[in-house]
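A.B. asks: whatever this is, show me its structure:
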Amino acid sequence: RCLGVMASSYVAGQPGAGIGDALDLPSTAPSTRRARWYTSASPAAPMPDRLLYLAHTSPAVREQALYSALSALAHRGDARFTIHVYTDAPEAFARLEGRVELRVVTGAELADWTLPAGYHHRAKPAAIRDLARRYPSDRLLFADADSAFTGSAAAVFERVGPRSAVMHEREYEVAASDLE
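C.D. replies: Just a heads-up that it's a prediction; the model follows:
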């Protein structure tokens, strides 16, 4: 399993290390509420690269994810990848119908994914784990909703491999920081 993370503040685990399992996240069954939108390629012929967004709870985050997905589509070029959006409000992504696969995440799932203390950022590795389990041999790139593609999306996927992860920006040296 190959994992790339495009975020400014999220730190991924080692590629292929089962990030959700490492964080001991609860295992949840797939939602029974699903919107089945696919890219223009046939669902019978899956693409090896997958771009994942998690957009829930906040209308502003949903708008950011919509813009980010549109920027990925605009910079797709000849690249073949499937965009997945995990959301609690599929209607916010109606503009993307036919171009993404939507996974409706219920309030109960979100609550389960953020246990034990309701920390909402724990939903990110849970969503990554869910998609990685569905497509274990595909490269996966998780992008924060506030990410935007300004160049080739394919170039980012090319950097994701079994022994490499992608981070949008290294903001500071954790070991040398004065964070307490």
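
A.B. asks: contacts for the longest helix seen in the chain, please.
C.D. replies: Longest helix in the chain, counting residues (DSSP state H): helix 59-74. If you take CB atoms under 8 Å, 6 or more residues apart in numbering as the criterion, helix 59-74 is touched by 51, 53-56, 83, 85, 87, 89, 92-93, 95-96, 99-100, 143-150, 153. (Each C-beta comes from the backbone N, C-alpha and C, glycine too.)

A.B. asks: drop anything exposed from those residues.
C.D. replies: Neighbour counting by 16 or more other CB atoms under 10 Å classes 51, 53-56, 83, 85, 87, 92-93, 96, 99-100, 143-145, 147, 149, 153 among these as buried.

A.B. asks: restricted to helices, list those.
C.D. replies: Using DSSP H, these in helices are Ala153.

A.B. asks: surely Trp167 forms part of a helix?
C.D. replies: No, residue 167 isn't Trp; it's Met. No: counting by DSSP: H, G, I helix; E, B strand; the rest coil, Met167 is located in no helix; its state is coil.

A.B. asks: what's the spacing between Ser68 and Thr57?
C.D. replies: For Ser68, the distance to Thr57 (CB to CB, to the nearest Å) stands at 17 Å.

A.B. asks: the two: which has the busier surroundings?
C.D. replies: Ser68 (23 against 14; other CB atoms under 10 Å).

A.B. asks: give me the spatial nearest neighbour of the more buried one, chain neighbours excluded.
C.D. replies: Nearest residue to Ser68, sequence neighbours excluded (CB to CB, 6 or more residues apart in numbering): Ser147, at 5.1 Å.

A.B. asks: this protein: strands as residue ranges?
C.D. replies: Remark: strands assigned in the chain by DSSP state E are 2-6, 49-55, 81-87, 101-104, 139-143.

A.B. asks: among those, which is nearest Arg122?
C.D. replies: strand 49-55 (10.9 Å; CB to CB).

A.B. asks: in its sheet, what does the closest one sit against?
C.D. replies: strand 81-87 (parallel), strand 139-143 (parallel) (DSSP bridges).

A.B. asks: by how many degrees do that strand and helix 59-74 diverge?
C.D. replies: Relative orientation of strand 49-55 versus helix 59-74 (axes from the mean of the first three to the mean of the last three CA atoms, to 10 degrees): 160 degrees.

A.B. asks: I'd like the mean pLDDT over strand 49-55, please.
C.D. replies: Mean pLDDT, strand 49-55: 96.
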